[in-house]
Structure formats: C-alpha cells, structure tokens
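Enquirer: predicted coordinates and the sequence they were generated for:
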2 protein chains.
Amino acid sequence: MSTLILPPQATQAGLAVDVAAFAMHAGELQVLLVERGSLPHARTWALPGGFVHLGEELNEAALRELRTKTSVELEPRLLEQFYTFGAVERDPRGRVVSVAHMAVLPHGTVRVTGGGNALGAGWFPAHTPPTLAFDHQDILNRAIDRLQIRLEYALLALEFLPDTFTLPELQGVYEAILNKQLDKRNFRKRLLSQGVLTTSGERRSGVGRPAQLYRRASRVRIPGTL
Amino acid sequence: MSTLILPPQATQAGLAVDVAAFAMHAGELQVLLVERGSLPHARTWALPGGFVHLGEELNEAALRELRTKTSVELEPRLLEQFYTFGAVERDPRGRVVSVAHMAVLPHGTVRVTGGGNALGAGWFPAHTPPTLAFDHQDILNRAIDRLQIRLEYALLALEFLPDTFTLPELQGVYEAILNKQLDKRNFRKRLLSQGVLTTSGERRSGVGRPAQLYRRASRVRIPGTL
DNA sequence: GCAAAAGTGTTTTATTTACACCCATGA
DNA sequence: TCATGGGTGTAAATAAAACACTTTTGC
C-alpha cells in the first residue's frame, strides 16, 4: 500500500483499468470479453480489466490485464486511454475509478482463453454484445465512438490487417468499424490518393478475380502505440 | 475513508481533479492559475485542483475545486474531463491520479482571489503561462489541444462571450484559441451560413464604424455542460 | 460460359481558400 | 477630412458524392 499523507476528507479510491480490445473476425468488428469468475457480477461478461498494481503505469496495467485475463498472445497495435469512469456508485464494492483504454489487436489474434479469475474469454460482435457487467456497456459505447473518430487518423484500419492486404479487405475494416456501407470507387480513390499504400506486386488467390496486394509505404509511428 | 475489499497488490491511489479553466481577457485566451500555499511546490503556480471527496462525483469535485481555490463567482459554461494523468512519479507524495478537466468561464469572470490553501489566483496567457507545478504544463497543453478540437463543435466560442456580441469579437475568440489569424470575409460567411446566429438589431458604439450585434438563435444544450 | 469478386472514370455538388475595396462613425 | 474599425463578393481550387459497366479468374 502506498503511504500517502492526505487531507482527511480526501478519497482513496480503488484505481482500475478496463480495456476494450477490438479485432476483425469474420468481416465483423469484434470486442474481447471475459466471463467474470468472482463477485460482483460473477458469470457475467465484462471488459477485461482490474486493479492497477503499485508502481505500475496506467497503460502497463491495461496491457497486463489484457494479457493475463484473456491470454492473448499478440501485442496490441494500439493502446490508449480514452475516458475515466468514476461515478460514485459504479462499483458496489466502494469507490473504484476505472481509466478505460481502447486497444486494437492485429489480425491473427483468434485463440483466447480465460486467465486469472476469469472463467473464459471470447470475441463478441462489438455493435451487438451480450449484457455486460458494471457500466461496461457505457465504456464500450464510448470506445466505439473513439475508434470511429480515430479511424482516419494515421490509417488506423491498417492495424487490424496483416502486413499485406487487398483494398476490398481494407474497405471491409472501414465498413465494420463505421457500421455502414461505403462506395467502392470513392473509397479506392481516397485511400490511394493519400499515397501511403504501395502495391506489393503479388496477387492473392480465391474465388473470383484475384485482388492486388498492398502494404503500407512507410510505417509512421502512431501516438498511443506501445 | 472508504472501506474497499481489494486484492493485496491493488493500488489505492489518491484521487484528484485538476481544472484548466479558460476565459478571454484583453483579446487573449487566458487560463486561471493559483499560487500554491503548501508543499509540494509551494509558491509555484498551478492549475486549481485537489482531492475528490468521499461520495463526490468527479465533475462535482472539479467544480468545487474551481470555486473554492479561486473564488470565481460565475458558473462555468462547459466543464468536462479530457484526460487522466496517472504517472507513478507525478506527485512526490505518492500515487495520485488526476482526472483533468477543461472549463470555459463566461465573459465577466475577472475578479479572482485565492481560497483554501491557495495564496492567490490570477489569469495568465494560456499559450505562454509561467512555470507550473507537477505535470501541469502537460495538462495545460492537452487542454488547449482539446479546446481547439472542440471549438467548432456546438459553437463553443460563444460560451466565451456575453449574450450579444459582434462578429469581430467572435472572430477574436477563434483567433485567440487557435493562436492564428483568420480571414474576415471567409469567417463571416462560414459562421452566418450556419444559421445559428440572429441579428440583435442594435449597434454597439466605439471607435470606427459601429458593429452589428448578434445573439445565438437557439440555445442548444452542449454535452458536458452542467 | 458462367459465377464471383476486382477494378475502373466522369459528372455534379459542396466546401474551402484567396483576395481588395468601400462604408459608417467620432474626433 | 481623416483615422478607425466594420462590412461586403467573386473566382479558383479542392474535396466529396453519386453512379454502372468491364475484367479476370476458377469451375
């Protein structure tokens, strides 16, 4: 415990982090949830999160909770706080303030299992999740808002995809996050005119005409990236 | 003190709020600072702020700190949190997390004096403040960023002005916040085409040609307003 | 040759930027 | 009448939106 000399009426609050971790699966924006194994809200789905440790930075705590509660093996491509939830009654155990974080997990992060006191972990449609514990639906709503706002910024959609990708795949990421359809021609025009994609020469095979592969021309460091 | 059953390694942190309160004075964007009267950083300028009380919401605490530390008499027109500063070493007394808020004070909020353990309070140029305590320069920088982003949103600039105002005055608010010059004709075109300003008929006298007075056509509730 | 998905251009509209002179008032 | 600040319009450039057919491949 920290030894902090404070005025008597000052609140010592439990300091927590929660993480809304997003990825694309099956052409859909999905969010990573854990099933709580202990009270309160046992057996209810929740965002992975928990209390910050002594001497631990907020984003370190968010990363640790993400790893230990869900056993995701990949590094998140983006991890940043977006809002702090501190309503007096949000946690029945007492005053707990949660610094909510948003994370983007790269393509390939499929296998998750529960860890710590989580019974299990799994991916759920971000726009239509199950009933969530605490005020986690509020947190998720705000996380999606932030994700949509950040989308154009620094080509965030690329973080959801592998190194090489096709333009229809990229458009799918935009559509899944924005939850609406985009015009194919206008989308291609806009993305290619930014000049940050470079054709990767090869072509990927499947049904129908093969698509051109692209990769990002130069990796720009995104603020909020680890 | 709250009685909170927590895992042993969990951090109980001091929960604080700090407020970057802005107003326009002398055609300049100014920020409200207090001179600290106690350690650490005694006799150093800082953003008004302090510890959250038991059972007190975060924005309530921000409002209370603003009032008691600076004795501003007017209601802020906007008060919203924008980022949480929680670096382990940001406060020498121990782990203190500060939920930083941004406030806009309306025209007329001139007289301020210190309150509580603040030696004094005063307005300073927001873009060129004095040396600040703790990480308050970081907080201020981020508050200005947020203010600039929010500027267009819901006609935030009007909150800095009295009920009736002239277009040159309004342009002055934009320029002070953005810290750059704007084109007069384009500015008027853009603002008037939004259709939210209505001419107030009268004219204000001074040097040079009198300016048309305007008022907002309909008051739209701004999210984050009290 | 047909099903499936990729790829491609033009027109219209709206938005943004650049830019210079006249007007109303008080001293 | 002059100094001071307020007010006005147009043209060019850029960005955004609407819209339908052709191409390439595997089966």
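Expert: Alright, I've got the coordinates. Residues are numbered from 1 along each chain as shown, chains lettered A, B, ... in the order given.
Enquirer: what residues does chain A put near DNA strand D?
Expert: Counting by CB under 7 Å from any atom of the strand, the residues of chain A close to DNA strand D are A:D183, A:K184, A:R185, A:N186, A:K189, A:R190, A:R203, A:S205, A:V207, A:G208, A:R209, A:P210. C-beta here means a position set from N, CA and C on the backbone, and glycine is covered the same way.
Enquirer: just read off the phi/psi values of the last one.
Expert: Note on A:P210: backbone dihedrals following degrees, to the nearest 10 are phi -60, psi 150.
Enquirer: give the closest residue to it in space, chain neighbours not counted.
Expert: Take A:P210 and drop its neighbours on the chain: the residue closest to it by CB to CB, 6 or more residues apart in numbering or on different chains is A:R203, 4.0 Å away.
Enquirer: give me the beta-bridge partners of the one you found?
Expert: Beta bridges link A:R203 to A:Q212 when assigned by DSSP bridges.
Enquirer: where does pLDDT dip in chain A?
Expert: Filtered on pLDDT under 70, chain A yields the residue ranges A:1-6, A:108-111, A:114-115, A:219-226.
Enquirer: going along the chain, name the strands of it.
Expert: A:12-25, A:28-36, A:45-46, A:49-51, A:78-85, A:96-104, A:118-125, A:165-166, A:197-204, A:211-216 (DSSP state E).
Enquirer: would you agree A:P125 is in contact with A:G27?
Expert: No - with contact defined as CB atoms under 8 Å, A:P125 does not count as touching A:G27 (10.9 Å).
Enquirer: higher neighbour count, the two?
Expert: A:P125 (14 against 10; other CB atoms under 10 Å in any protein chain shown).
Enquirer: which residues does the more buried one contact?
Expert: A:E28, A:L29, A:Q30, A:V31 (CB atoms under 8 Å, 6 or more residues apart in numbering or on different chains).
Enquirer: run through the bridge partners of the last one.
Expert: Under DSSP bridges, the beta-bridge partners of A:V31 are A:F22, A:F124.
Enquirer: okay, now it: neighbour count?
Expert: 24.
Enquirer: quick check: residues of chain A near chain B?
Expert: For chain A, the residues in contact with chain B (CB under 8 Å from any CB of the partner chain) are A:1-7, A:9-15, A:50-58, A:81, A:83-84, A:86-88, A:93-97, A:99.
Enquirer: one more pass at 6 Å, please.
Expert: Within reach of chain B by CB under 6 Å from any CB of the partner chain, chain A has these residues: A:2, A:4, A:6, A:9-15, A:51-55, A:58, A:84, A:86, A:88, A:93-95, A:97, A:99.
Enquirer: isn't A:A126 up against A:L32?
Expert: No - at 9.5 Å, A:A126 and A:L32 do not qualify as touching, with contact defined as CB atoms under 6 Å.
Enquirer: are any of the residues of chain A next to chain B buried, and which?
Expert: Buried by 16 or more other CB atoms under 10 Å in any protein chain shown: A:4, A:6, A:10-15, A:51-52, A:58, A:84, A:86, A:88, A:94-95, A:97, A:99, out of the residues of chain A next to chain B.
Enquirer: give me the number of residues near the closest residue to DNA strand D within chain A?
Expert: Residue nearest to DNA strand D within chain A: A:R209 (2.8 Å; CB to the nearest atom of the strand). Burial measure for A:R209: 6 neighbouring residues, criterion other CB under 10 Å.
Enquirer: phi first, then psi, for it.
Expert: Note on A:R209: backbone dihedrals following degrees, to the nearest 10 are phi -70, psi 130.
Enquirer: same thing with A:P48?
Expert: The phi/psi pair for A:P48 (degrees, to the nearest 10) is phi -60, psi 140.
Enquirer: report the longest helix in chain A, please.
Expert: Secondary structure assigned by DSSP state H gives helix A:136-150 as the longest helix of chain A.
Enquirer: just the residues contacting that one, thanks.
Expert: A:D18, A:A20, A:A46, A:L47, A:F82, A:Y83, A:A100, A:M102, A:L156, A:I177 (CB atoms under 6 Å, 6 or more residues apart in numbering or on different chains).
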